[in-house]
Structure formats: C-alpha cells, structure tokens
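Q: Prediction below, plus the sequence it came from.
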Protein chains: 2
Amino acid sequence: MTEDKMLNTEQQRYLEELSDLLRIPSVSTLSQNRGDVRTAAHWVADDLTRSGIENVRLIETEGPQGHPLVYGDWLHAEGQPTILIYGHYDVQPPDPLNEWKTPPFEPSLRDGNLFARGAADDKGQLFCHLKSVERLMKEDGKLPVNVRFLIEGEEEVGGEGIEYYVKKHPKELASDAVLISDGHMFADGLPTLDVGLRGMVYTEITVRGAAHDLHSGLYGGVAPNAINVLCYIVSKLKDLDGTIQVPGFYDDVAEVTAEERSQWAKLPFNEDEMREHEIGAKALTGEPGYSALERTWARPTLDANGIIGGFTGEGAKTVIAAIAKCKVSMRLVPNQQPKKIEAAFRQYVENLCPPYAEVNVEYIHGADPVLLPTDTPFMKAAMEALKEVFGKDTVLLRSGGSIPIVSLFDNVLNAPCVLMGFGLPDDNLHAPNEKMKLDNVFKGIDASARYLRLLGKD
Amino acid sequence: MTEDKMLNTEQQRYLEELSDLLRIPSVSTLSQNRGDVRTAAHWVADDLTRSGIENVRLIETEGPQGHPLVYGDWLHAEGQPTILIYGHYDVQPPDPLNEWKTPPFEPSLRDGNLFARGAADDKGQLFCHLKSVERLMKEDGKLPVNVRFLIEGEEEVGGEGIEYYVKKHPKELASDAVLISDGHMFADGLPTLDVGLRGMVYTEITVRGAAHDLHSGLYGGVAPNAINVLCYIVSKLKDLDGTIQVPGFYDDVAEVTAEERSQWAKLPFNEDEMREHEIGAKALTGEPGYSALERTWARPTLDANGIIGGFTGEGAKTVIAAIAKCKVSMRLVPNQQPKKIEAAFRQYVENLCPPYAEVNVEYIHGADPVLLPTDTPFMKAAMEALKEVFGKDTVLLRSGGSIPIVSLFDNVLNAPCVLMGFGLPDDNLHAPNEKMKLDNVFKGIDASARYLRLLGKD
C-alpha cells in the first residue's frame, strides 16, 4: 500500500479499521466459516461499544443458520426521532477464487478502490454508519437523534433470523425511520436514493405425465411427455415481447408518474451500453412503450429461473420424462399483491395443463413491492445531506430487485426506510474482485453524520 | 434349482450351458468388466468351434469401447442362400442391484423363467441360434444353408465397432438375409415377426440469451431469458395432441395399409391396460384418428428427452439463465429421410428464435426407418417355421423403436433382416429381474433349426 500515504490521519485510521473487518471471512452460507461469522459480529459489537453506544449485545436467532444479530442503542435525545440503522456483517462466498487479482480476505487498495469480499456488500457501507456515530459522539458527547443499530449476519442466506426477531419484538425496536446503506449510486458522483423496490412471487411448476420414465421408441405417440407439457405451459406465461399473459396480472399495476418518467429520462443512461457491456445480448427484450429503466424499475416481469427434466447428460437417451420442473418468478410493482398474483398464476397454470398430465404450483416465497413516500422529513433530510456531501442534486429512482427487509420494517415497525447507497454499479457484488471506492466510504461517513444532524435540528 | 428335474437330458444341458454364459458379467459400458466382456466373446467363439463352425475368430473393433466381434462361418451348402446370424453377447449394467430377487449373474430358474442379466437381451436369444446350428451339424454333419455368425459386444453402448467393420468389409460378409433374435413376441405363445422399425433423428437445441447469467431483479424486463425462449421453441414443435408442426414433416410419411390396420386391430391389446399398467398416466396422448398401436408403430413422433437451464437446486435463486438446452428426438417412419427431416427441423427452429436470442441445433444421431418386405422367401420361411413350432399363425407387426443395425445390414449388405424375437413383453429388459421364459429358449432353438431347414429345401 502506497496510496494510503495520501490519506489524512483519520482516513488512514478508517482504512485500517475497515480492513480489519474485511479480513474476517464471515461467509454466512459456509459452515466452516461459522466461527468467523461470529468474530465479525463481535467486531461490530465492540466497535459500537467503543463509540459509546449502549445496550450492545449479540442476539441469537432462530433461523436455520443461527448467526447472531448485533443490537445497540443510544436513546437520550429526548423529543427527537429514533432512527434504526440496519446493515449486515456477513458476506457472499468468494468463489471462484482464481479470478481474484488479490485474495478476497486480504484487502488491497488500488486506484482509490479497496478490493475485498464484502467491501461494498455490506461491510464498507455498514462501516459508514459505525464511524458516523463514533464521530458525532466524539464531537458532541451525544447524538442529535435517538439511534438503534440492528445488524444481521444472514443477509446473504435469506435473512430468516432477523425476520423472526423483528416480528416478535416490534416494541423493543420501535423507531420512526430506518436507514439502510446496502445499495449503490446510479453513477459515480451522483447522489441517489432508492424509493422503489419490486416485489416478488417465486414459484416452482412441476408437471407429471407418466408414472415413470418411458422409452420413447415403445411409447412415443401415446405417453404424455412432462417436458413438452411444461414447455407449453411456460411458453404461455408471457409473449416474446415480455407481456405477461396471466389473466388480471396487470390489474393493480400503478403506472409510472410523468414526473418519474421525465426524471429518469434525464439520467446518464444508455440502453445500448447496457445491452453490450452488462447483458451481452443481440438485443434487449421487454414490453413495447417503456424505456429500459422503466421496464426494470417500474414494470412487473416474469422469468423462468431454472428448468430440469429427463436426460441431461452427454449424448442421447431416448427417454420420455415422467416429471419436469421449472422455477418461475415474477417481479411485482406497486400496487400488486403477491398473494393475489400467486392465486391468478396458479389458476392460469392449472388451466393450461392438458388433461393427460398433472401440474402442481409450489409457492416458494414472496415479497411486497415497495414505493417509499418522498415527502417525509426523513427522505428530505437524506436528499439534503447527500446533496451537501456530493455537491449535486440527489436523484430519486427505483430498483428492480427486492429487499424483503424494507417491507418488514415498513409493515412491522411502521418505519419507512431511507435507502442511501454509497456503492457504485461496478462494485462486483457477489463476484470476484468486489471493491468499494474508498472516497465513497469517507463521503458515506460524512453523509450519514450530516443526515443524523439534519434530523436532529427540528 | 428343483424345476430342472422336469427337463429332459438335452434341455438340462441347454440350461447348464446358457447359465454358464449368463454367469459372465459382460457389461460393455463398465471398464471394470472389460475382461469379462472378452471372456463372453471367447465363450461364444468356443461354442461355435465345438459345433463345427469354421473360421471362428475374434475381430478387434475400432469403436471407443473396443470390444471384439465374434465371427464364424460355414459355407459349404452350394447353391443355397447365405444367412448372417447376428446377436450380441454384451449386457446392460445390473443396477439397481438391491431390486434383484436373486443376484443378476447367478442364473435362477423360477416358475419356468430363467432370471439373470442378459437372459433375454440377448444371450438367451443368441443361444437359440448357437444351439440350432449345433443340432443341425450333429444330425446331418452339415448345414442346410450357408451361415455366417457376426456377434457383437457393444450393442448396449452404441454398436459403433460393428458399424465400422460392416462398412469396411461388405464382401467378406456377403449374405442373402440376416437373422436376428433380439426382440420379443407380442404376447406369450403368439409367434411374431417385426417387419417395421421407426427411424430416428436425435438433436439438441441450445438457446443463448445474454452473455452470462444475470440477476432477475436488475435485468428482468430487458434481458433475454434463454429458458423462456427455449420453452417457446419447444412448445411450437408439436401441438398438445402430438401433431408435429415442423413444415413438411409429414410429406413423405407412408400411410399404414388397410391390411396392417385390420391385422393390428385383431391383436390382443387393450389401450386402457397399457395406459394404466405400463404408462400410469391419466390419459394417453397422440394424433387423433390413429389407434395406440398405429401411433407407436407407424406414425412419426417427437419428444423432448431432456431439458436443463438456470438454477435447478433446492429453493430459489433469482437468475436469468444465459443458456438453456433441450434434447429433442423424432421417431421416423417410412419413407421419411433423417437428413431431410433434420434440415426441416433445423430451419423451423431457427425461424422460431426471436431476434434477441441465438439458437443452435446439434444433430446427435439418426437412423433410417425400416419396413421389411414380407413377400420374400426368408420372411415366408420364418412365418412358417414359427407357426409350426408355436402352433399358431405368425403375426406381422412393427416396433416403435429403432435398431440401427437393421438399416446397416440392409444398406451395406443389401440383406433384408428377419426379426424373430423369442422374448416376452414382461422380460424386464434393462431393468432388475430380467428373465427369459425357458420354454421359449427351447422353442427358439426349434424355430431357428426349422427356419434354416426350410430355407435349404428349395
């Protein structure tokens, strides 16, 4: 490391501390890293304690993985709102290891970027809030608002533990708003708030034809073929443009407002660059009449995520498969309801199945779509804080993905989220050479501190 | 074994000799059985030599497995036709072992059936011809016709070795007709000759959408989905009734003759029993206007044999698959030509692919359909021999499967095949508890000997 010579003393300390956290291989899905996951939880807890946060403790969870939550609070800002800060200290597995330029758990600073597994997702962004609170406590001996930290260690494996805990303990977590930094800015230097997330219905369709696999010579012409039936059903779910054919599917879809459309049209975005560099396809697909950003952020979609049936090895086997399965998920937008969509989907799929076969639709999981109100004091303060730190107007946009925790906080705690991402689109999340721009860590600390100060001013 | 007490001395010897052959685990696909496969070849060669067959030798093959052919001939019946007798001494693997009531390579006689791997497929049926020739030589010191034996050890693994050899040595194998016993009678006691086999075009369709798998949250709505495209293509290949949609597919199909239709209608066959006991489906499928036997024997079909793409593990992963593959095979009937069908299929599939995806059709293998002439002296003698031995009129029918060796002999040697099966429909070929009815072994020897004598009478 030579680049760190250009950092000031405080930045140098931040870099060293964040590197310490990044060295812990807290891969939540791997049982051999169980102890490391707990080490990372203790690292976060110790850091909160040193900053003066109170009631810091590890909370054991009831999910299948059992990685602990880290909780801490500071609740002495009488008359001020309570902000729950969420983040996660667990990381994705580092595979494929041979594609990393430097080892995933040996942080390396190159060209102003800190490379390590978890750099942006989410240790580096969680770190912004840890240091923001530390700084405020150092400067004032107190915080401008009440703060609760709730940091999980299972985000990369489904987050069941935190879901159980929040549902069981809404009073202990009572808050006015939630602050989450686990996303990214639309472009480098462009401060961004996510105000919409798509919901989800994830299903698996299973088709059964005959009672067992059959020889296609002996039974071809009379035996139902589960794969052919499954392909027929899947082919009827959406047309080649991507318009979904499930009856009633679009009934509750809220159209994008003219204001959002015009704001998104001004974003630095080029569909052809996305096609070529991110997707690598001959052409894009999608509903006619909507831009690529509209189609990914504000329109519902349906995708087959996996399909299997029959003989899939090398060469040839003349089998008629008895069973074939396809995982199909739908991304929902406001005001679609997962249960209603799932029922319409199930009915439609059952109706498509010919009489000589049987079909079963399994509901795997779902999530509500989210559209966060933008006229709250929390959102306004966030826009202002980001603008001050980054020197540009904050853009409001949506995200095509689903973050179930956002619905959870909204529904259970009645606390709206502020999604203040400091990552960048090219941070290689879940991939080799994950990184975070170091300057965004520093600006993230500034923005978080500024945000909490702005909220405390009222 | 107590049942063998009821056998005469000759039958007792046949049982012991066949059991010797069945004890050799000549599994051609397993490398650990390589030596056993060769032992079985030597067993056949030694048996031929003992019977007085000449020029007996093992012929090394050039296929990937390299199991030898067994050749032998007796060519002293001047002015008489030459019959090539084909069979195979290799067997399928015995798995799953725990479902066998007695070990697969320890022949066991129960209720008149001899249970062992290879009992019917094909050692027991090959044995009929070995012993038929032995008997004729013993009785007359000569054979009524000229005979060549060509016995392979790779039938269960693709039979490439024999294909290369026959193509290279047509003069050395010159014959007037081929006798094969590697099939079964339509029902117990009903003498049967197969006169038709379906041909085959086996392909694999590969669809590529994006350059790599993508997150369905970030790219759902813009990214091509290889699975959805593949399902669309496969769904357009045939309709739900089974009528194939490839343009020109039916152009060369020879309709079943009224005579065949009326003969097949008289066979002891019940569609509902087939549906319930063999297939186990709610209903049968297939082209309207054709009976189940017509659909499986004389109509072309198309089946997806295997499909795979995206995430197929437990639970959910929100991936948009870049690649998806489906193996699709077509069974052909006279006078369809594999190359012509493959070209039409490829063109149709390419036309179905939307502009945002790419499709590739790989041709894996093909086989010509076969319809054997029934008015030849060879077929007439076979019908007569079977009728004499089984005491019932011989029925002529077709088979839904493909036996590439039949086209090979027809095309390369210009020698029509007689498919004289002595197995039964419930012999459990390729499955646990394979068996052959012992009385059919004895009747098979009688029928083979009678057949050769009838051919020599002219």
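A: Nice, thanks for sending it over. Numbering: from 1, shown residues only, chains lettered A, B, ... in the order given.
Q: Contacts only, for A:Gly309.
A: Taking Cβ atoms under 8 Å, 6 or more residues apart in numbering or on different chains, we find A:Gly309 in contact with A:Val207, A:Ala226, A:Ile227, A:Leu230, A:Ala321, A:Ile323, A:Ala324, A:Lys325, B:Ala304, B:Gly306, B:Ile307, B:Ile308. (C-beta placed from N, C-alpha, C; glycine too.)
Q: how about 6 Å then?
A: Shown in contact with A:Gly309 (Cβ atoms under 6 Å, 6 or more residues apart in numbering or on different chains): A:Ala226, A:Ile227, A:Ala321, A:Ala324, B:Ile307.
Q: Among these, which ones are in strands?
A: A:Ala324, B:Ile307 (DSSP state E).
Q: Tell me the one of the contacts of A:Gly309 nearest B:Asn33?
A: A:Ala321 (28.8 Å; Cβ to Cβ).
Q: Check the burial of that closest one by counting its neighbours.
A: Per other Cβ atoms under 10 Å in any protein chain shown, the neighbour tally for A:Ala321 reads 31.
Q: The closest residue to it other than its chain neighbours: neighbouring residues, count only.
A: For A:Ala321, ignoring the flanking residues on the chain, the nearest one in space by Cβ to Cβ, 6 or more residues apart in numbering or on different chains is A:Gly310 at 3.4 Å. The number of residues packed near A:Gly310 is 24, by other Cβ under 10 Å.
Q: Could you do A:Thr9 as well?
A: The burial count for A:Thr9: 7, using other Cβ under 10 Å.
Q: and the gap between it and A:Arg57?
A: 32 Å (Cβ to Cβ, to the nearest Å).
Q: And A:Gly309, by the same measure?
A: 49 Å.
Q: follow-up on the earlier one: arrange the contacts of A:Gly309 in CSV, one row each, with distance to A:Thr376 as further columns.
A: Below are those laid out as CSV (distance: Cβ to Cβ, whole Å):
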residue, distance to A:Thr376
A:Ala226, 51
A:Ile227, 51
A:Ala321, 53
A:Ala324, 48
B:Ile307, 49
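Q: burial count for the closest residue to A:Asn428 other than its chain neighbours?
A: Leaving out its chain neighbours, the residue that sits closest to A:Asn428 by Cβ to Cβ, 6+ apart is A:Glu434, at 4.7 Å. As a burial measure, A:Glu434 scores 26 neighbours (other Cβ under 10 Å).
Q: Could I get the contacting residues of A:Glu434?
A: Neighbours of A:Glu434 in contact, by Cβ under 6 Å, 6+ apart: A:Arg117, A:Ala119, A:Asn428.
Q: how's chain A carved up into domains?
A: A:3-197+A:369-456, A:199-253+A:300-366 (automatic domain parsing).
Q: just those: most buried one?
A: domain A:199-253+A:300-366 (a mean of 21; mean count of other Cβ atoms under 10 Å in any protein chain shown).
Q: what's the span of it, first residue to last?
A: 7 Å (Cα to Cα, to the nearest Å).
Q: repeat for stretch A:183-198
A: 14 Å.
Q: Ok, stretch A:355-375 next?
A: 53 Å.
Q: what does that stretch rub up against?
A: A:195-209, A:224, A:229, A:332-334, A:338, A:342, A:346, A:349, A:353, A:396, A:402, A:404, A:406-407, A:416, B:281-283, B:285, B:316.
Q: Then stretch A:322-332?
A: A:198-199, A:201-210, A:212-213, A:226-227, A:230, A:234, A:300-309, A:369, B:220, B:318.
Q: and the closest residue to A:Ile205 other than its chain neighbours, what element?
A: Closest residue in space to A:Ile205, ignoring its immediate chain neighbours: A:Cys326 at 4.9 Å, by Cβ to Cβ, 6+ apart. Assigned by DSSP states H and E, A:Cys326 belongs to strand A:323-332.
Q: From the chain's centroid, how far away is that strand?
A: Centroid separation between strand A:323-332 and its chain, computed with Cα atoms, centre = their mean, to the nearest Å, is 20 Å.
Q: repeat for stretch A:104-114
A: 23 Å.
Q: now the helices for chain A?
A: A:9-22, A:34-51, A:124-140, A:160-168, A:216-219, A:226-235, A:258-265, A:271-273, A:292-297, A:338-352, A:377-390, A:404-408, A:438-456 (DSSP state H).
Q: State the distance from the spatially closest residue to A:Leu15 that is not a sequence neighbour to chain B.
A: Computed as Cβ to Cβ, 6+ apart, the closest residue to A:Leu15 that is not its neighbour in sequence is A:Asp4, at 5.8 Å. Counting by Cβ to the nearest Cβ, to the nearest Å, the separation of A:Asp4 from chain B is 33 Å.
Q: who's in contact with stretch A:258-277?
A: Contacts of stretch A:258-277 (Cβ under 6 Å, 6+ apart): A:Phe186, A:Ala187, A:Leu284, A:Ala292, A:Leu293.
Q: How about stretch A:66-81?
A: Under Cβ under 6 Å, 6+ apart, the answer for stretch A:66-81 is A:28, A:37, A:41, A:44-45, A:48, A:53-60, A:143, A:145-154, A:176, A:455-456.
Q: ok so, going back, which one of the contacts of A:Gly309 sits closest to B:Glu17?
A: A:Ala321 (40.8 Å).
Q: what residue ranges in chain A score low on pLDDT?
A: Scanning chain A for pLDDT under 70 picks out A:1-2, A:458.
Q: spatially speaking, which residue is in the middle of it?
A: In chain A, the residue lying closest to the centroid (Cα atoms, centre = their mean) is A:Ile403, at 4.6 Å.
Q: which residue sits closest to that residue in space, ignoring its chain neighbours?
A: A:Leu197 (5.5 Å).
Q: and the gap between that neighbour and B:Gln347?
A: 44 Å.
Q: ditto for A:Ile307
A: Applying Cβ to Cβ to A:Ile307 and B:Gln347 gives a distance of 25 Å.
Q: Kindly report the same for A:Val234.
A: Distance from A:Val234 to B:Gln347, by Cβ to Cβ: 24 Å.
Q: Torsion angles phi and psi at the closest residue to A:Leu30 other than its chain neighbours?
A: Among residues not flanking A:Leu30 along the chain, A:Pro93 sits closest, at 6.1 Å (Cβ to Cβ, 6+ apart). Backbone dihedrals for A:Pro93, given as degrees, to the nearest 10, come out at phi -60, psi 150.
Q: Not counting stretch A:166-179 itself, show me its contacts.
A: Under Cβ under 6 Å, 6+ apart, the answer for stretch A:166-179 is A:81-86, A:148, A:378, A:408-409, A:412-413, A:415-418.
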